[in-house]
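> any chance you could fold what I've pasted below:
(one chain, ligands or ions: 1)
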Amino acid sequence: MTDGSPLVRVRDLRKYYGDGDSLLDRLLGRDAGSVKAVDGVSFDIDRGETLGLVGESGCGKSTTGETLLRLREATAGDVEFDGERVLGMDDAELKAFRRRAQIVFQDPFSSLDPRMTIGEILAEPLRIHGLPEDTGDGRSKAEYRRDRAKELLDRVGLSADQIDRYPHEFSGGQRQRIGIARALALEPDFIVLDEPVSALDVSVQAQVLNLLDDLQEEFGLTYLFIAHDLSVVRHICDRVAVMYLGNVVELGPTDDLFDDPQHPYTRALLESVPRAKLTEQGRRVEALAGDVPSPRNPPSGCRFRTRCPLVIPPAGIDVDQRTYREVMDLRERVEAADLNLAAIWDAVGDPDGSDKPAFKRHLREEFFADDLDGENENAVERALDALAEGDRDRAAETLRARFESVCETTRPVLQEREHPAACHLYDQPVESREGDEAEARVD
Ligand code: SF4
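Purely as a prediction, here's the structure:
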């Protein structure tokens, strides 16, 4: 199909890993729940385009790449490649698909078999696919494959004379060139580049990125470029999708995303990127605190709400943004039963638990930089009283009743536009909001 339709179309792709069915779990009748590595990801990749997929380690970006290639089986969703549904392909169709869709892995050493020569490594994809069917020029198939391996080495900037060497005889950058040559062997249309330069020195990274750029132009390749580092994707990607905890939270043309990041998570990621433009150097810093939550039990509503510096207070509550973040941090610790009340009593030198003012002062100092006032102060005070009395549920309910955010009750979705962001700071489609409220409740 060359009718202007995308080469790759991914819709609501999900990959969950169930881990409640181990022998111990079954014996104990325990449902440990599933790890939602990829949880409803959608995007298109146009022909000849490079789409970047970025996010912190563990956000699901590599699993997305491997699942859309069917190196892992999807839990749900749909993937189309050149108009064909990939997830429903039988073995023969899958083999044909794999000729056209390849992957380059991050670690060029472990992805190359150390017992094989480079010539064997590069000829292997051809052999597996029974190629060539007929050389047509009197060469044997083995000779053809060896010549093809030499061509590939030459094309990725290595010498054909190195064909009988082993992977350990090459540097990291050279090994990644071999990985790229292997991906090219079957003349694919599409390559998933899974952190292809992350393991390389900065100077070598630039060379490999230039090579990928040249190859794309020469062969009309389409790339999905996976990276944890936004600075790497800036120069090679046409568009960028930002992932957080199994979801795409923002997607847009690369320059738009860098010049006008929408999602608070994208803004936080950009803070770690050196600023090339003067206009960007005064950009406000919004520090990203806390750890990425477990994908086994992701937060309800917006997945980023436990770390978001801009989490939205309920309407009608007058509270400054930083204080609201502090209240939400306290709420999350209380709701997760992550506050060791006995340790706090010990810390205030009152293991018997009678000096409530000291206990509350300790918590205030731990969570709040400034004093609260009015009803906000009253609610926090009542919650701290409940904690001092050992009643976590009452503390959690007191805080929830006053401070519940739309960010926790309603899962934001990407809008239908060129540069969407899944965040309640921007307009949300009404139909999706209703559907996702139901989903947020069962999270
Ligand atoms: S929806 Fe709320 S918590 Fe999520 S990124 Fe937007 S403001 Fe932050």
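
> ok, for Gly246, nearest residue in space, not its chain neighbours?
Asp39 (3.6 Å; Cβ to Cβ, 6 or more residues apart in numbering). Glycine gets a C-beta too; all of them are placed from N, C-alpha and C.

> next, the one you found: secondary structure please.
Here Asp39 is recorded as strand under DSSP: H, G, I helix; E, B strand; the rest coil.

> show the contacting residues for it.
Counting by Cβ atoms under 8 Å, 6 or more residues apart in numbering, Asp39 touches Arg14, Tyr16, Gly60, Leu245, Gly246, Asn247, Pro295, Pro298.

> with respect to pLDDT, which of these ranks lowest?
pLDDT across the contacts of Asp39 is lowest for Pro295, at 89.

> for that residue, helix, strand, or coil?
Per three-state DSSP, the local secondary structure of Pro295 is coil.

> show me the strands in the chain, by range?
Taking DSSP state E as the criterion, the chain contains strands spanning 8-18, 34-45, 50-54, 76-81, 84-85, 101-104, 190-194, 222-227, 239-244, 247-253.

> make a markdown table out of those strands and add distance to the ligand.
Below are the strands of the chain laid out as a markdown table (distance: least, Cβ to the nearest ligand atom, whole Å):
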| stretch | distance to the ligand |
| --- | --- |
| strand 8-18 | 20 |
| strand 34-45 | 15 |
| strand 50-54 | 16 |
| strand 76-81 | 23 |
| strand 84-85 | 32 |
| strand 101-104 | 31 |
| strand 190-194 | 26 |
| strand 222-227 | 21 |
| strand 239-244 | 9 |
| strand 247-253 | 7 |
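
> which among the ones you listed is found nearest to Asp391?
When the strands of the chain are compared by Cβ to Cβ, strand 34-45 sits nearest Asp391, at 31.9 Å.

> longest helix in this protein, please.
helix 202-219 (DSSP state H).

> quick one on the thing from earlier: in TSV, list the strands of the chain along with distance to Ala386.
Output for the strands of the chain, formatted as TSV (distance: least, Cβ to Cβ, whole Å):
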stretch	distance to Ala386
strand 8-18	36
strand 34-45	32
strand 50-54	42
strand 76-81	41
strand 84-85	54
strand 101-104	53
strand 190-194	48
strand 222-227	45
strand 239-244	32
strand 247-253	34
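
> about what we covered before: can you put the contacts of Asp39 in CSV and add neighbour count?
Output for the contacts of Asp39, formatted as CSV (neighbours: other Cβ atoms under 10 Å):
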residue, neighbour count
Arg14, 18
Tyr16, 18
Gly60, 26
Leu245, 25
Gly246, 26
Asn247, 26
Pro295, 21
Pro298, 20
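
> output the below-cut-off pLDDT ranges for the stretch 201-350 of the chain.
Residue ranges of the stretch 201-350 of the chain with pLDDT under 70: 273-288.

> around the ligand, pick out the residues from it.
His263, Pro264, Cys302, Phe304, Arg305, Cys308, Leu310, Val311, Ile312 (Cβ under 6 Å from any ligand atom).

> go with 8 Å
249, 263-265, 301-305, 308-312 (Cβ under 8 Å from any ligand atom).

> can you check the stretch 1-150 of the chain too?
Residues of the stretch 1-150 of the chain lying near the ligand (Cβ under 8 Å from any ligand atom): none found.

> hang on, Pro295 packs against Val38?
No - Pro295 is beyond contact range of Val38, at 9.2 Å (criterion: Cβ atoms under 8 Å).

> what touches both of the two?
The contact lists of Pro295 and Val38 share Gly60, Gly246, where a contact means Cβ under 8 Å, 6+ apart.

> circling back: between all of the residues of the stretch 201-350 of the chain next to the ligand, which two are separated the most?
Across these, the longest distance by Cβ to Cβ is 16.2 Å; it joins Gly301 and Pro309.

> more neighbours: those two, which one.
Using other Cβ atoms under 10 Å as the criterion, Gly301 and Pro309 rank with Gly301 on top: 24 against 17.

> contacts only, for the residue lying closest to the more buried one once chain neighbours are set aside.
The shortest distance from Gly301 to any non-neighbouring residue, by Cβ to Cβ, 6+ apart, is to Glu408 (4.2 Å). For Glu408, the contacting residues are Pro299, Ser300, Gly301, Cys302, Arg305, Ala440, by Cβ under 8 Å, 6+ apart.

> so which pair among those is furthest apart in space?
Pairwise distances across the contacts of Glu408 (Cβ to Cβ) peak at 10.6 Å, for the pair Arg305 and Ala440.

> more neighbours: which of those two?
More crowded of Arg305 and Ala440, by other Cβ under 10 Å: Arg305, with 23 against 20.

> phi, psi of that one?
Torsion angles at Arg305 (phi, psi; degrees, to the nearest 10) stand at phi -70, psi -20.
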